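1. Fold the following, please.
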Amino acid sequence: MTILLATNNLHKAQELSAILAAGGGVTVLTLRDLPAAIPEPIEDGQTLEANAYIKAAEIFQATGIPTIADDTGLEVLALDGAPGVYSARYAGPNATYADNCHKLMEALSNQEDRRARFRTVLCFTDGLRTLFAEGSVDGVILRQARGSEGFGYDPMFLPEGHHLTFAEMNPEQKNSISHRGQALVALRTTLAPILAEGELPSGDSQSRNFSA
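-> The predicted structure is shown next:
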């Protein structure tokens, strides 16, 4: 089965592709593999679930290829869940990873409670069904960035029970515990009947409509 990942983010595509293709039976494409450029949809939903749905549905409509989209947020307890759905543009619409990390560091400069969690929502659609899966990882935001792997807030995030930040882990280590990895493993389990037989048993599919 061919599945399209609705992203132009190379780092995110590498993570998702490695996990999704690991079990075999799947050919993974990204927007970069398509012959014609397709702009990513505007993520103007108010929740991670809504944004994942917007991207999956619009990219499937444009391509006709079964599509998986994700939205991921870093939720910091002391900031009432911010940056959350705005994580990728926390420091502005054209913010770099460094810009976002710097703003987060400033926002937490006087905070002792640095608990946070990464949360990912995945949405799959093939025109017949819409499926969702979620994964999350608890941890803390460090006062100083560590590591050069990963992307986004990875150098600042120390997952609970570990001594390495996501940016200090190699891809295999991170994928084995990450929020995105958990969500994709859960989604792949749900997709197993489709991959094996081309159909999903009745009652296992979900269809939802979201307002932005």
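2. pLDDT weak spots in the chain?
-> The chain contains residues with pLDDT under 70 at 21-25, 197-212.
3. Repeat the analysis, applying 80 as the threshold.
-> The model of the chain has pLDDT under 80 over residues 8-26, 40, 192-212.
4. show me where it has helices.
-> Assigned by DSSP state H, the chain shows helices spanning 10-20, 48-63, 97-107, 171-177, 179-197.
5. Residues contacting the first one, please?
-> Spelled out, that is helix 10-20. Contacts to helix 10-20, defined as CB atoms under 8 Å, 6 or more residues apart in numbering, come from residues 3, 5, 7, 26, 28, 30, 32, 68, 70, 150-152, 171, 174-175, 178, 180-181, 184-185, 188. The way it works is simple: take the backbone N, C-alpha and C, and place the C-beta from them, glycine included.
6. Using PDB, list the CA coordinates for that helix.
-> Output in PDB follows, covering the C-alpha atoms of helix 10-20 (Å, rounded to 0.1, in the frame of the first residue of the first chain):
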ATOM      1  CA  LEU A  10      12.200  16.600   6.100                       C
ATOM      2  CA  HIS A  11      13.000  15.800   9.700                       C
ATOM      3  CA  LYS A  12       9.400  14.900  10.500                       C
ATOM      4  CA  ALA A  13       9.100  12.800   7.200                       C
ATOM      5  CA  GLN A  14      12.200  10.900   8.200                       C
ATOM      6  CA  GLU A  15      10.800  10.000  11.600                       C
ATOM      7  CA  LEU A  16       7.400   9.000  10.300                       C
ATOM      8  CA  SER A  17       8.800   7.000   7.300                       C
ATOM      9  CA  ALA A  18      11.200   5.000   9.500                       C
ATOM     10  CA  ILE A  19       8.400   3.900  11.800                       C
ATOM     11  CA  LEU A  20       5.700   3.400   9.200                       C
END
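7. tilt between it and helix 97-107?
-> Helix 10-20 and helix 97-107 are oriented at 90 degrees to each other (axes from the mean of the first three to the mean of the last three CA atoms, to 10 degrees).
8. what's around Leu29, how many residues?
-> 16 (other CB atoms under 10 Å).
9. and it, what does it touch?
-> Thr2, Ile3, Leu4, Leu5, Ile65.
10. Can I get the residues you listed in CSV including neighbour count?
-> Shown next, in CSV, are these (neighbours: other CB atoms under 10 Å):
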residue, neighbour count
Thr2, 9
Ile3, 22
Leu4, 24
Leu5, 26
Ile65, 15
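11. which of those residues sit farthest apart?
-> Across the contacts of Leu29, the longest distance by CB to CB is 10.9 Å; it joins Thr2 and Leu5.
12. tell me, what's touching the two both at once?
-> Here Thr2 and Leu5 have Val28, Leu29 as joint contacts, going by CB under 8 Å, 6+ apart.
13. quick one, which of the helices of the chain is nearest to Asp80?
-> Closest to Asp80 of the helices of the chain, according to CB to CB: helix 97-107, at 10.9 Å.
14. Appreciated, that's everything.
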